[in-house]
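1. sequence and predicted structure are below.
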2 protein chains.
Amino acid sequence: MLKITRKVEYALIALRHMQLKQSEELTSTKEIATRYGVPQQLLAKTLQHMARDGIIEAVQGPAGGYRVATNLEQISMKDFFEKLEGPLGMMDCYFDSDCIQFGSCNIRVPIQRINDNMRNLFSQMSVQEVTQ
Amino acid sequence: MLKITRKVEYALIALRHMQLKQSEELTSTKEIATRYGVPQQLLAKTLQHMARDGIIEAVQGPAGGYRVATNLEQISMKDFFEKLEGPLGMMDCYFDSDCIQFGSCNIRVPIQRINDNMRNLFSQMSVQEVTQ
DNA sequence: ATTAAATACGACTAATATTATCGTATATAA
DNA sequence: TTATATACGATAATATTAGTCGTATTTAAT
Ligand code: FES
Ligand code: FES
């Protein structure tokens, strides 16, 4: 319950690794996979995902790789989570409305208040705070 | 990702339902299950779990049921979550240390800081805030 | 041109966690 | 004695997450 996914974890590990280098320098999937003992294929998809989102930049071909393409101080953890995993809510009813029988739920409002608190927490936290 | 479980949801629905009654009055599993369209057997286990934890009190036999047995203002959502679902952490390494290859993780410290923030958020929130 | 090393990406499989059900035992008021 | 309720371990069904496979594309180096 209330766990983050491997995908997010791998993404953060990769970002931190890239930030330790000169900003122009490239990092390959393989380099990160072997360095941190992470499954390369899954990491690859995660990096591709971040590249599509413009968080990192891809350079193809041999000697290619990725580099950070944005100011990570400007991306909140909430936005980061949502880019990688979609809408962030403790209950599905925060977005969809198919949580328990329609209309009969007696805790929807308070639960959404909690949800707002959690989203707010992650909104006030930048990716940089994790990867610096 | 970062979702609460049905068990927790059903528990909160049940608590709220019971709080709307006179404090001595009993509520059966069936009553809640039919009222909110919730699976009765699963709800039953959840109520039994809460009874073991002393959050609610069980009265057996026909015309039996449950009633709230504690001041819900005194129980934090963090403690509530942990009673029902065990240790509360976004990553397993917060408690166990078998998250990614030992020693090679570069984000353990910052992730645990985030984790502390989240635990803190739920520590400052009482069950009463949800069920009142 | 050819090769080799890297990214790109959809489809698939495996593993795990969550959710729900079943069967049976026990308690107790009527 | 019966009916109705809680108690609880075991199991089944479902959903989510994690990981793999196969193939295509890009491009620097030879
Ligand atoms: S309908 Fe979403 S918390 Fe009940
Ligand atoms: S070892 Fe837990 S976040 Fe990496």
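-> The structure has been received and is ready for your questions. Numbers count the residues shown, from 1 in each chain, chains lettered A, B, ... in the order given. Ligands and ions are numbered 1, 2, ... in the order given.

2. show me which helix runs longest in chain A.
-> Using DSSP state H to define each element, chain A has its longest helix at helix A:108-123.

3. show me what it is packed against.
-> helix A:77-85, helix B:108-123, helix B:127-131 (3 or more Cβ pairs under 8 Å, 6 or more residues apart in numbering or on different chains; DSSP states H and E). The way it works is simple: take the backbone N, C-alpha and C, and place the C-beta from them, glycine included.

4. so which of the ones you listed is nearest ligand 1?
-> When the helices and strands packed on helix A:108-123 are compared by Cβ to the nearest ligand atom, helix B:127-131 sits nearest ligand 1, at 9.6 Å.

5. before we move on, back to that, now do the longest helix of chain A and helix B:77-85, the angle between them.
-> Counting by axes from the mean of the first three to the mean of the last three Cα atoms, to 10 degrees, helix A:108-123 lies at 110 degrees to helix B:77-85.

6. and the contacts of stretch A:93-106?
-> Residues outside stretch A:93-106 that contact it (Cβ atoms under 8 Å, 6 or more residues apart in numbering or on different chains): A:87, A:89, A:91-92, A:108, A:111-112, A:115, B:9, B:13, B:16-17, B:35-38.

7. from the residues you listed, which is closest to residue B:58?
-> Nearest to residue B:58 among these is residue B:17, at 15.6 Å by Cβ to Cβ.

8. make sure residue A:38 is indeed in a helix.
-> No: going by DSSP: H, G, I helix; E, B strand; the rest coil, the assignment for residue A:38 is coil, not a helix.

9. show me the contacts for it.
-> By Cβ under 8 Å, 6+ apart, residue A:38 lies in contact with A:10, A:13, A:32, B:100.

10. again, only this time at 10 Å
-> A:6, A:9-10, A:13-14, A:29, A:32, A:46, B:100-101, B:104-105 (Cβ atoms under 10 Å, 6 or more residues apart in numbering or on different chains).

11. most surrounded residue in the contacts of stretch A:93-106?
-> Greatest neighbour count in these, by other Cβ atoms under 10 Å in any protein chain shown, goes to residue B:13: 25 neighbours.

12. for the contacts of residue A:38, which single residue is the most surrounded?
-> residue A:14 leads the contacts of residue A:38 on contacts (other Cβ under 10 Å) with 28 neighbours.

13. what does chain A have sitting close to ligand 2?
-> Applying Cβ under 6 Å from any ligand atom, we find that chain A lies next to ligand 2 at residue A:9.

14. can you list the domains in chain A?
-> The record's domain split for chain A, according to automatic domain parsing, is A:6-68, A:75-131.

15. so which of those domains comes closest to ligand 1?
-> Among the domains of chain A, domain A:75-131 comes nearest to ligand 1, with 3.0 Å by Cβ to the nearest ligand atom.

16. near ligand 1 at all, the closest one?
-> Yes: judged by Cβ under 6 Å from any ligand atom, domain A:75-131 comes into contact with ligand 1 through A:91, A:93, A:99-100, A:105, A:107-108, A:111.

17. what is the end-to-end distance of that domain?
-> Chord length of domain A:75-131, first to last residue, is 12 Å (Cα to Cα, to the nearest Å).

18. quick one: low-confidence parts of chain A?
-> Within chain A, the segments meeting pLDDT under 70 span A:97-98, A:101-102.
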